[in-house]
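>>> 3D, please:
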Amino acid sequence: MMDPVVFETLLLALETEAVTLPEDGPILVLNAEPGPWLSRLPKDRLVLRTTQKPAHDALTAAGYTVLAPDSVEIPQAKLTIVVPPRQRDYARALFARALLAAPEGGLILSALPNTLGAKTTDKSLAEIAGETTSLSKHKCRAFWATKDTSRINTALAKEWIAEDTPREIEPDLWSRPGLFSWDRVDPGSELLADSVPEHVKGLGVDIGAGNGFLSRELLTHCPAIERMDLYEADFRALGCIQGTMNEFEGRFQAHWADALNDMPKATYDFAVMNPPFHTGRADNTDLGRSFIRAAAATLKPSGTLWLVANRHLPYEAELSACFRAHEMLEDEAGYKIIRAEKPKRQK
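This is a model prediction of the structure:
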């Protein structure tokens, strides 16, 4: 999730009328995040789009108009707000889609903290829009562009959109910008895959599956696995999972899901995960601890969890609270591999 001061800076552009709020028509928000900032915009005109399941569910429950995550066409809006994702190529593609879809004279508005590349991202928007205007507050920058077809670099915008598509980054491993470690195999995940014994069997779950690398490795090397279920919050990952897992048709199921809320209870024989510890652009080790609780809840009483985490992340207390036993199997290159057994049932 973005720091609230970023949205304060973004809204300042509207509230000072540096950017004019259109009098009618939809206001489109791409990569939308829930939060109090949305309540300061006219709710009946907001059209939100996000591919993140937790944000999609929260915004829908709050009564907003939320586009389907696989919606190809986005509505023309006189004002489009882009909440920039962490990854540069994905952010560029969002700006390009917003600009090309906007009507002539339409505004594209965004904001970022200075420490997270606000100036660079502003320049990226200017590359395709011709020019931008900005204001700074709270150590953040709000920046915007007005669509002028005679000035926009359509070829570059289309190039950025084309770069945001699933691709094979190595044989039988598909990925795309914006996913975790999208252009290479994450060394922690690779270490985890090597640590799961070949005799593991039964029904497995890959929590926060990303591009499907872990499940592919397990199904390749562990013949007694009945099926892997892959739970991933980012809808954009599902096409990559399908490409990565193509040769295992019938032995996997992919779910667009909030791992903290959508997984069944006491179902799986084993789980693997490389839990996230960011929400949006901010560090959030509580998220990793929440993943541990979710893993314990979805495992059978005899189930086993294998997880990898950066060496410094403090997960041991949560593991003790959720499992009857756990041990570190590997401590290598800044990563730790942990096996936890027999989840405790929470009262």
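
>>> can you count the residues close to residue 218?
23 (other Cβ atoms under 10 Å). C-beta coordinates here come from the backbone N, C-alpha and C atoms, glycine included.

>>> shaky segments in this structure?
Residues of the chain that meet the criterion pLDDT under 70 lie in 278-283, 347.

>>> residue farthest from the centroid of it?
What lies farthest from the middle of the chain is residue 150; by Cα atoms, centre = their mean that is 34.5 Å.

>>> helix/strand/coil for residue 346?
When classified by DSSP: H, G, I helix; E, B strand; the rest coil, residue 346 comes out as coil.

>>> what's near enough to touch the nearest residue to it once chain neighbours are set aside?
Nearest non-adjacent residue to residue 346, counting by Cβ to Cβ, 6 or more residues apart in numbering: residue 297, 7.3 Å away. By Cβ atoms under 8 Å, 6 or more residues apart in numbering, the residues touching residue 297 are 263, 265-266, 343, 346.

>>> Residue 297 should be in a helix, yeah?
Yes: if the criterion is three-state DSSP, then residue 297 is within a helix.

>>> now it: how far from residue 89?
The gap separating residue 297 from residue 89 is 35 Å, by Cβ to Cβ, to the nearest Å.

>>> before we move on, what SS does the residue farthest from the centre of the chain have?
When classified by three-state DSSP, residue 150 comes out as coil.

>>> wait, what's in contact with it?
Neighbour list for residue 150: empty [criterion: Cβ under 8 Å, 6+ apart].

>>> if I pick residue 140, what's in contact with it?
Counting by Cβ under 8 Å, 6+ apart, residue 140 touches 5-6, 8-9, 111-114, 118.

>>> picking that back up, tell me the buried residues within the contacts of residue 297.
By neighbour count, with 16 or more other Cβ atoms under 10 Å, these hold 263, 343 as buried.

>>> one step back: and the buried ones among the contacts of residue 140, selectable in PyMOL?
Buried members of the contacts of residue 140, defined by 16+ other Cβ under 10 Å, are picked up in PyMOL with:
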select buried, resi 6+8+9+111+112+113+118
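
>>> any chance of the contacts of residue 140 in TSV, plus distance to residue 55 and secondary structure?
What follows is those, written out as TSV (distance: Cβ to Cβ, whole Å; DSSP: H, G, I helix; E, B strand; the rest coil):
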residue	distance to residue 55	secondary structure
5	19	helix
6	15	helix
8	19	helix
9	20	helix
111	17	strand
112	18	strand
113	19	strand
114	24	helix
118	22	helix
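
>>> a markdown table please, covering the contacts of residue 140 and showing distance to residue 303.
A markdown table is the format used below for the contacts of residue 140 (distance: Cβ to Cβ, whole Å):
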| residue | distance to residue 303 |
| --- | --- |
| 5 | 42 |
| 6 | 40 |
| 8 | 44 |
| 9 | 46 |
| 111 | 44 |
| 112 | 41 |
| 113 | 41 |
| 114 | 45 |
| 118 | 45 |
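
>>> Out of the contacts of residue 140, flag the one nearest to residue 175.
residue 112 (24.3 Å; Cβ to Cβ).
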